[in-house]
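Trainee: All I have is the shape, not the residue letters:
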């Protein structure tokens, strides 16, 4: 029943997040990339707690509520950080998307890192409680936020935003090279 509920909730939350991001960001691919980064952070967190608690500590499994609550928390916080980053990105309309996302990341990185440290510390206070569920939840949320903050938002998201421009440049260079080659053949 919990797996079914998690799947339904995941679907509803992802669709809701995408719709809100479409409205706020007013583009198609950027909300898709942000949603992919949120899912990447969540699945990284699930991998880490499975590795720690099942492989290292030898438990039978993880607490059944951890995937549900960690998903909600990671996505909620990750969307906040992503929207904050994208609002700064939208301020640089005079720059190319590649330059704008790098500059936005540079200017918002300190605030996002500070928020992750504060929230990570807050969730770390759950660990000494002696309650396994809270310990697992704390590890999951901290892992998800760290992966999102230090890998997905500063590396994955800018790479994905710069990808269309890079592909367009690559195809235009290939097209020019093919035209030059055809001119020499004739």
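Mentor: The structure has been received and is ready for your questions. Worth saying up front: this structure is predicted, and the values here are computed from it rather than measured.
Trainee: Only C-alpha atoms from now on, for both contacts and neighbour counts.
Mentor: OK.
Trainee: mind listing the helices in this protein by residue range?
Mentor: In the chain, the helices defined using DSSP state H lie at 2-25, 29-50, 66-90, 97-124, 132-147, 157-185.
Trainee: Residue 68 is in contact with residue 6, correct?
Mentor: Yes. Applying C-alpha atoms under 8 Å as the test, residue 6 and residue 68 come out as touching, 5.8 Å apart.
Trainee: just the helices of the chain: most buried one?
Mentor: Of these, the one with the most neighbours on average (mean count of other C-alpha atoms under 10 Å) is helix 132-147, at a mean of 23.
Trainee: Tell me which residues are up against that helix.
Mentor: Contacting residues not belonging to helix 132-147 are listed as 41-46, 48-49, 53, 62-63, 65-66, 69-70, 73-74, 78, 116, 119-120, 123-124, 126-129 [C-alpha atoms under 8 Å, 6 or more residues apart in numbering].
Trainee: what residues are up against residue 49?
Mentor: 62, 136, 139-140.
Trainee: now for these, which pair is the farthest apart?
Mentor: 62 and 139 (11.6 Å; C-alpha to C-alpha).
Trainee: pLDDT score for residue 166?
Mentor: Reported pLDDT at residue 166 in the predicted model: 79.
Trainee: Where does pLDDT dip in the protein?
Mentor: 1-2, 174-186 (pLDDT under 70).
Trainee: Find the centremost residue of it, please.
Mentor: Centroid-nearest residue in the chain: residue 37, 2.4 Å away (criterion: C-alpha atoms, centre = their mean).
Trainee: which one is that one nearest to, not counting chain neighbours?
Mentor: residue 152 (5.7 Å; C-alpha to C-alpha, 6 or more residues apart in numbering).
Trainee: hang on, the one you found packs against residue 35?
Mentor: No. Residue 152 is beyond contact range of residue 35, at 10.8 Å (criterion: C-alpha under 8 Å).
Trainee: just to revisit the earlier point, how about the residue nearest to residue 37, what does it touch?
Mentor: Applying C-alpha under 8 Å, 6+ apart, one finds that residue 152 lies in contact with 37, 40-41.
Trainee: Mind picking the one among the contacts of residue 49 that's closest to residue 88?
Mentor: For residue 88, the nearest member of the contacts of residue 49 is residue 140. The distance, counting by C-alpha to C-alpha, is 28.2 Å.
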